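Trainee: Next comes the sequence, and after it the predicted model I'd like to discuss.
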Amino acid sequence: QVELVESGGGSVQFGGSLRLSCVASGTIVSMDDMAWYRRAPGKQRELVAALNGRGETNYADSVKGRFTISRDNNRRRGYLQMNRLTPEDTAVYYCHAVGDYQYLGDLEEYDHWGQGTQVTVSS
């Protein structure tokens, strides 16, 4: 019923920028809390940025001032603008979102992860 699909990953050089998108498809009513995580090779998954339903944001110290999380007003698409990228940002980036969707006439809550998108930064 609900699917999250990330896009926008790719390969860039040191200092470059990328914009990741996370689209919620299905009978979506809202995308309330959303977050971006990443998993670098040999490392555990870590929270990169989060945005809650009140518009409050939270960033990992390593990306503060470089990354910006945002969401469309229709709350079906989220973004992660990544600037001044470094090789340490190389990872698979995952979108996670919580919101509401319509299912058989009822309002249900979803809690979903996307499949991930690769970001590679070369020095």
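Mentor: It's in.
Trainee: buried residues in stretch 90-107?
Mentor: Buried residues in stretch 90-107, counting neighbours by 16 or more other Cβ atoms under 10 Å, are found at 90-101. Using the backbone N, CA and C atoms, a C-beta is placed for each residue, glycine as well.
Trainee: Identify the farthest-apart pair in those.
Mentor: 90 and 100 (34.4 Å; Cβ to Cβ).
Trainee: that older thread, can you list the buried residues of stretch 90-107 in JSON lines and add distance to residue 75 and pLDDT?
Mentor: Shown next, in JSON lines, are the buried residues of stretch 90-107 (distance: Cβ to Cβ, whole Å; pLDDT from 0 to 100):
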{"residue": "90", "distance to residue 75": "30", "pLDDT": "98"}
{"residue": "91", "distance to residue 75": "26", "pLDDT": "98"}
{"residue": "92", "distance to residue 75": "25", "pLDDT": "98"}
{"residue": "93", "distance to residue 75": "20", "pLDDT": "98"}
{"residue": "94", "distance to residue 75": "19", "pLDDT": "98"}
{"residue": "95", "distance to residue 75": "13", "pLDDT": "97"}
{"residue": "96", "distance to residue 75": "15", "pLDDT": "97"}
{"residue": "97", "distance to residue 75": "9", "pLDDT": "94"}
{"residue": "98", "distance to residue 75": "11", "pLDDT": "94"}
{"residue": "99", "distance to residue 75": "7", "pLDDT": "90"}
{"residue": "100", "distance to residue 75": "10", "pLDDT": "90"}
{"residue": "101", "distance to residue 75": "11", "pLDDT": "91"}
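Trainee: mind putting those residues in a markdown table, secondary structure and distance to residue 58 included?
Mentor: Shown next, in a markdown table, are the buried residues of stretch 90-107 (DSSP: H, G, I helix; E, B strand; the rest coil; distance: Cβ to Cβ, whole Å):
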| residue | secondary structure | distance to residue 58 |
| --- | --- | --- |
| 90 | coil | 22 |
| 91 | strand | 18 |
| 92 | strand | 20 |
| 93 | strand | 16 |
| 94 | strand | 16 |
| 95 | strand | 15 |
| 96 | strand | 13 |
| 97 | strand | 15 |
| 98 | strand | 15 |
| 99 | strand | 18 |
| 100 | strand | 22 |
| 101 | strand | 25 |
